[in-house]
Each structure stands twice: as C-alpha cells, then as structure tokens.
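Enquirer: turn this into a model:
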Amino acid sequence: RIEGASVYGRGAVADYSLGYDTWVVAVNDTMYDGAGSYSFQFRIASEMQETTVSVRDENGQYLNDGYEVLWYKGEGEEPIQSGNTIEREIGETYAYEIKLSEALGEIYRTPLRQQAGEEESIEYRLVRKADVSHVLTIEANIDGTSELVFQNGAVWWEHFASAAPGRHDGLDEPTILNGYEWLPWEGQTGELRNGAVSAALPLSMIGLNLGGEWAILGMSVIEGRGSVALRSSPAPENEYTGRLLFRDDASADAWDKVEI
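Expert: Prediction:
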C-alpha cells in the first residue's frame, strides 16, 4: 500500500524516495511511515500464467528424464530458464527447446525450438531417426503475417495482417512447393487484407503423403527478409497439424525460402 507516490503500470520498475510525513508503505507486513526517510524499489507484477511441457516417446509414453526443456523470451538467443514448467507473463511471446541426452539423441531426431502458444499444457512426441523423412522447400511472397497450415494430407494459408501471400499491390504470385507453383487465392480478387483463408492443396500433388502420423523434424530459412517460426508441431493432441508462421513487418513484399 503506497500513499504519496505514483504507481507505475504493470511490469514497470520505479525507485521511490519518499519524503517525511507524506506516505505509508507496507513491505512484507512491516510498516514504514514518515518518522524516517527510506528508499524502496517496487516492481508492479504482470499477470502470469504457468505453462508445462511434457515429452513422450514414439509410443506415447511420458519420459521423466533424459532431456532438458529450455525457455526463451521473445527473439532472445539465450534461455531465460530451464525446466518443464515456466511462469510466463501473459501477452509476451515465449519459445521452448528440448535438449536430448546423448543416449536419447542417438535414437531420436533433435527437436526444433518452437513458439509456445497460450495453452497451459504442451505435449511433444519424439520421432525416431529411423523413420522415413522427406524434404519440402517452400517459397512464398510475404507482406505481413500469415500461417502455412498442414493437416490431413493438405496445405493452406491462414492470413492475418497486411496483404495475403502473393497478393501485395496487385500481384498474383504463386506459393512454390518443391518447384510446384500453387495459386492459393485463385478465384479471389484484391489483396485480401487482414483475415483470409486460402483453398487447400492436396500434398499428393507434389508427391508427399502426410496423412496419419507425421512430424516436422527440422527447419531452415534459406533466404528472406522477415522471420519464419514453427508455430505448431504435428502431434496427436492437435490432430497432426503443423503450422509455420511467416512474418514480415517491413514495407512492401519480399520472398522467403524455407526448407523443412
């Protein structure tokens, strides 16, 4: 309880040097008043939420050891915390990375660093190295924020901000998948700003069968101006849905090239 001083907003840190006879403050149930001059530092708490990552093997059994979960805030390169559970500030962006022990690393693919959504519980299933793998190269003309979604053997765009992929300033550029030129917005006109869902393309058109159980084993950005992140990794809990988040906040459009 502070009287005689302004309180800053959530997350702010302020040093208060409070004068005589103008204030009363309680710190851990100890009362201080104008009988003396004290200095305090206060942090106004943000709204928090716990998020927990659980790891399963290929059979769906939970693993209790053999790995470490590292947490990152925003685009930070250094982890801010390790452990399965983190207390997060609501509204802030976090990512997690699962580091396998040497023994598990010989059996399973190295998990990718992934963005954590708003959910309180995240389950990650490991993929054995012996499983069949494919490579998909994606080239897309991006202006703003869009997600490329993979589910049930098909792919489509979900667009959120600025012009839809390939549609900036009157363009009608294809999304190129392993050399196949796909026009996701065929039959629609304009830039389709701020909220649009494209038609779905069966991945069999480019020789991929991603029906049933599958996983994204790795991702690399070959070229691009903005950022590309693995938003959701396919798992039983999300009906084997993969999401790649493309984001470019700069002016006009630019091409991104990604390999998964």
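Enquirer: residue contacts, the residue nearest to the spatial centre of the chain?
Expert: For the chain, Gln115 is the residue whose C-alpha lies nearest the centre (CA atoms, centre = their mean; 2.3 Å). Residues in contact with Gln115 (CB atoms under 8 Å, 6 or more residues apart in numbering) are Thr93, Tyr94, Ala95, Ala229, Leu230, Arg231, Leu245. Every C-beta, even on glycine, is put in place using the N, C-alpha and C of the backbone.
Enquirer: quick check, pLDDT for it.
Expert: As predicted, Gln115 sits at a pLDDT of 85.
Enquirer: what do you get for the one 3 residues further on?
Expert: Looking at Glu118, its pLDDT is 80.
Enquirer: under a three-state scheme, what state does it occupy?
Expert: Assigned by DSSP: H, G, I helix; E, B strand; the rest coil, the conformation of Glu118 is coil.
Enquirer: any idea how far Ala196 is from it?
Expert: Distance check for Glu118 against Ala196: by CB to CB, to the nearest Å, it reads 22 Å.
Enquirer: so between these two, which is more surrounded?
Expert: Counted by other CB atoms under 10 Å, Glu118 and Ala196 do not tie: Ala196 has more neighbours, with 20 against 9.
Enquirer: name the element the residue nearest to the more buried one when sequence neighbours are not counted belongs to?
Expert: The shortest distance from Ala196 to any non-neighbouring residue, by CB to CB, 6 or more residues apart in numbering, is to His159 (4.5 Å). In the assignment (DSSP states H and E), His159 maps to strand 154-161.
Enquirer: show me what the following helix or strand past that strand packs onto, helices and strands only.
Expert: Next helix or strand after strand 154-161 toward the C-terminus (DSSP H and E): strand 175-177. Helices and strands touching strand 175-177, by 3 or more CB pairs under 8 Å, 6 or more residues apart in numbering; DSSP states H and E, are strand 137-142, strand 180-182.
Enquirer: neighbouring strands of the strand holding His159 in the sheet, and parallel or not?
Expert: Paired with strand 154-161 in the same sheet, following DSSP bridges, are strand 144-151 (antiparallel), strand 196-197 (antiparallel), strand 201-202 (antiparallel).
Enquirer: just name the most buried of those.
Expert: Most buried of these by mean neighbour count (mean count of other CB atoms under 10 Å) is strand 144-151; its value is a mean of 21.
Enquirer: what's the helix or strand hosting Tyr72 packed up against?
Expert: For Tyr72, the host element (DSSP H and E) is strand 67-73. Applying 3+ CB pairs under 8 Å, 6+ apart, one finds that strand 67-73 contacts strand 48-56, strand 81-82, strand 94-100.
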